[in-house]
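[1] Would you be able to build a 3D model of this:
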Amino acid sequence: MDSFRATTRRHLSTSPFKPRVPDPVKVFEVGQRVSHDKEGLGRITSVDGGYAVVVDFGAGKLMRILAPFPKLHAL
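    I've put the predicted structure just below:
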């Protein structure tokens with residue numbers, strides 16, 4: 001059984017549960033220090049629109065991370 005859905009479910013007004021609140025969009029700037037859950041500390045080297053950022057984690061390790069940036073946190 002595949003739990004992935006291409007669309008989100010609509011909230012019914014008669015539902016006893018609260019509607020799901022979307023996560024706020026993270027915005028990063030060039031030069032900003034960030035922390036990645038797996039890779040550690042880094043610095044934003046470039047921003048590709050609002051959909052990707054390139055992070056330098058030191059020792060020449062560059063990583064392109066796509067939005068919505070679940071493992072990337074601003075410091």
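
[2] so what strands line up beside the longest strand anywhere in the chain?
    Longest among the strand segments of the chain by residue count, using DSSP state E, is strand 40-48. Next to strand 40-48 in the sheet, as set by DSSP bridges, lie strand 33-36 (antiparallel), strand 52-56 (antiparallel).

[3] Any chance of CSV for those strands, columns distance to V25 and mean neighbour count?
    C-beta here means a position set from N, CA and C on the backbone, and glycine is covered the same way. Shown next, in CSV, are the strands paired with strand 40-48 (distance: least, C-beta to C-beta, whole Å; neighbours: other C-beta atoms under 10 Å):
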stretch, distance to V25, mean neighbour count
strand 33-36, 15, 15
strand 52-56, 13, 18
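
[4] Any chance of JSON lines for those, columns mean pLDDT and distance to H73?
    As requested, the strands paired with strand 40-48 are arranged in JSON lines below (pLDDT from 0 to 100; distance: least, C-beta to C-beta, whole Å):
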{"stretch": "strand 33-36", "mean pLDDT": "96", "distance to H73": "5"}
{"stretch": "strand 52-56", "mean pLDDT": "95", "distance to H73": "12"}
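
[5] re earlier: list the buried residues in the longest strand of the chain.
    42, 44 (16 or more other C-beta atoms under 10 Å).

[6] Could I get the CA-only coordinates of that strand as CSV?
    Output of strand 40-48 as CSV, limited to C-alpha atoms (Å, rounded to 0.1, in the frame of the first residue of the first chain):
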residue,chain,number,x,y,z
GLY,A,40,26.5,19.7,10.3
LEU,A,41,27.4,23.4,10.1
GLY,A,42,27.7,25.2,6.8
ARG,A,43,27.3,28.5,4.9
ILE,A,44,24.9,29.3,2.1
THR,A,45,27.0,30.0,-1.1
SER,A,46,24.1,30.5,-3.6
VAL,A,47,20.3,30.6,-3.7
ASP,A,48,18.5,29.2,-6.8
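
[7] and that strand, average pLDDT?
    Across strand 40-48, the average pLDDT comes to 95.
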